[in-house]
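In: I need the structure of the sequence given here:
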Amino acid sequence: MKNGSNDCQRLSRRMVLTGTALALGAAAAAPAAAQTKLSQADAKYQSTPNGDQHCDGCANFQPPNACKFVQGDINPNGWCQLFTPKPKS
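Out: Numbers count the residues shown, from 1 in each chain. This next block holds a predicted model:
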């Protein structure tokens, strides 16, 4: 028969090691995800609108001149293939 205190110690160590591994993995992934943006060329960005679609009307636009997914300065009147209309209020 197993000793009850050993089972608790093993479980506790396993939980700590698993939790530590998950925390380290999440911490390592966060900066990489934050830095990953497409180049303007890869996003097919242009500084002019595409019909009535323009960056200022996109859910990914971050005023005054940035995008969640595209690198560099973004013209509010520009457009790219990642255009996603802002939800209607």
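In: Show me how the record splits this protein into domains.
Out: Per automatic domain parsing, the structural domains of the chain span 1-36, 37-89.
In: For the longest one, give the mean pLDDT please.
Out: Which is domain 37-89. Averaged over domain 37-89, pLDDT sits at 97.
In: start to end distance for that domain?
Out: End-to-end distance for domain 37-89: 28 Å, by CA to CA, to the nearest Å.
In: swap in stretch 36-45?
Out: Taking CA to CA, stretch 36-45 runs 16 Å from one end to the other.
In: and it, which residues are buried?
Out: L38, Q40, A43, Y45 (16 or more other CB atoms under 10 Å). To be clear about C-beta, it is placed using only N, CA and C from the backbone, and glycine gets the same treatment.
In: Ok, stretch 81-89 next?
Out: L82, F83.
In: what does that stretch contact?
Out: Applying CB atoms under 8 Å, 6 or more residues apart in numbering, the contact partners of stretch 81-89 are 38, 43-44, 50, 53, 55, 57-60, 67, 69-70.
In: Quick check: the farthest pair among these?
Out: The span of those, defined through CB to CB, is set by L38 and G57 at 19.2 Å.
In: circling back: show me the contacts of stretch 81-89 that map onto strands.
Out: Of the positions in the contacts of stretch 81-89, C67 sit in strands, assigned by DSSP state E.
In: just the buried members of the contacts of stretch 81-89?
Out: Neighbour counting over these (16+ other CB under 10 Å) leaves L38, A43, C55, G57, C58, N60, C67, V70 as the buried ones.
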